[in-house]
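> Below are the sequence and a predicted model; questions follow.
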Amino acid sequence: MSYPETPQRRTAVTLSDIKDKVKKTTYTVLPDGKTTICQLHMENGYTINGHSACVDPANYNQALGEQYSFEDAIKQAWPLEGYLLSEEIFKRGPVIKFYSMGDMSTCAMQDDLMLGGTRFVVAMRDGCSFEGFISPNFNGGRVTAMEIIANVNRQILEGAEE
């Protein structure tokens with residue numbers, strides 16, 4: 001059985017993410033002859049400013065002034081992009097992981113004669129563990145690994161709805 005591919009969702013901000021959102025970059029040298037301002041015009045219309053300066057105008061180098069002011073503007077963009085990504089992740093809602101039989105590491109089962117079912121404790125390969133109770137079924141009362149996984153996934157869904 002094949003399942004549809006889940007689209008990849010960003011969980012981190014990268015330098016290329018920031019640079020991809022820059023629509024235009026402009027540089028301005030202030031009249032003092034030693035300060036460069038870089039303006040990043042972002043795709044959403046927002047402008048981020050960076051600056052650089054040297055002590056003596058005689059030491060001013062336009063290429064270095066542009067490089068350092070651009071780096072400063074990019075530095076200003078990181079927390080803004082981090083906030084936007086955090087908001088995006090928040091609006092997506094919780095990530096719900098479901099397990100398959102291959103995810104089980106160990107499983108212990110014990111019949112509960114008083115309640116007429118089977119109690120289980122299962123440890124998953126990722127370190128999570130679950131406990132549960134399964135009522136008798138129609139296959140002679142034997143609990144299958146698939147039923148345990150279904151119970152675990154139901155517990156996860158019920159926990160996500162709270």
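Done, it's in.
> now this protein, which segments are flagged as low pLDDT?
Scanning the chain for pLDDT under 70 picks out the ranges 1-8, 94-96, 136-143, 159-162.
> Spell out the residue ranges of the helices in it.
All helices of the chain, identified by DSSP state H, fall at 15-21, 62-92, 145-161.
> tell me the contacts of Ala77?
With contact taken as CB atoms under 8 Å, 6 or more residues apart in numbering, Ala77 is in contact with 18, 40, 42, 48. C-betas here are computed from N, CA, C, even on glycine.
> and the gap between the second one and Ser86?
Relative to Ser86, Leu40 is positioned 20 Å away (criterion: CB to CB, to the nearest Å).
> These two: who's more crowded?
Ranked by neighbour count (other CB atoms under 10 Å), Leu40 and Ser86 place Leu40 first, with 22 against 11.
> Hmm, Val22 and that one touching each other?
Yes. If you go by CB atoms under 8 Å, Leu40 and Val22 touch, sitting 5.0 Å apart.
> how close does the residue of the chain most remote from its centre sit to Cys38?
Each residue of the chain has a distance to the centre, and by CA atoms, centre = their mean the biggest one is for Ala58: 47.5 Å. Distance of Ala58 to Cys38, given as CB to CB: 22 Å.
> for Gly93, same thing?
37 Å.
> Neighbour count: the two, which is higher?
Between Gly93 and Cys38, counting by other CB under 10 Å, Cys38 is the more crowded of the two (24 against 8).
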